[in-house]
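1. Predicted coordinates and the sequence they were generated for:
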Amino acid sequence: MTPDLAIRDPRLDGPTYKVKVTLGDRTEKFYVTVNHQGGQPFEVFIRVDRPELHEWVTTVALLVSDALRRGRRLADIAADLQAIHSGGHSLHVLPDGSQCFSLVERLGQVLARHAAGTH
């Protein structure tokens, strides 16, 4: 049996994080918003500047939001996303000098820091 979806309040609040990733010689940025309901993460929105990325970030945001509304913990979702690496040898250098191997992994890092309260 599938857990019922929680009903969304008409107005939710949450922080928005500006995320930068260097891809080759380009720095990309995207924005991640985590809205809360009842003190818990409830939905995620992602905005990117590159139109070719819009489809996948919208899909990821919808799936993460659906899992949150069904009671899944953000920390668990973040851990799953951090385990996703691109099939090639993509290496993304972050502003702090650390690295990740996919934009999905980077999203997982952002959500993990939010879940841990370290943003």
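-> Sure thing, it's come through.
2. contacts, neighbours, all on C-alpha from now
-> Will do.
3. tell me the contacts of Leu103?
-> His92 (Cα atoms under 8 Å, 6 or more residues apart in numbering).
4. so what's it scoring on pLDDT?
-> Leu103 is assigned a predicted lDDT (pLDDT) of 83.
5. got it, and Val93?
-> Val93 is given a pLDDT of 68.
6. So in the protein, which strand runs the longest?
-> strand 26-37 (DSSP state E).
7. Helices of this protein, residue ranges please.
-> 51-69, 74-82, 103-116 (DSSP state H).
8. For the longest strand of the chain, buried residues please.
-> Neighbour counts over strand 26-37 (16 or more other Cα atoms under 10 Å) mark 30, 32-37 as buried.
9. Pull out the C-alpha coordinates of it and format them as CSV.
-> What follows is strand 26-37, C-alpha atoms only, in CSV (Å, rounded to 0.1, in the frame of the first residue of the first chain):
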residue,chain,number,x,y,z
ARG,A,26,32.1,27.4,-17.3
THR,A,27,30.6,28.1,-13.9
GLU,A,28,27.0,27.0,-13.7
LYS,A,29,24.6,28.0,-11.0
PHE,A,30,21.3,26.7,-9.9
TYR,A,31,18.9,27.6,-7.1
VAL,A,32,17.4,25.0,-4.7
THR,A,33,14.4,25.9,-2.5
VAL,A,34,13.3,23.6,0.3
ASN,A,35,9.9,24.5,1.6
HIS,A,36,8.7,23.3,5.0
GLN,A,37,5.3,22.3,6.4
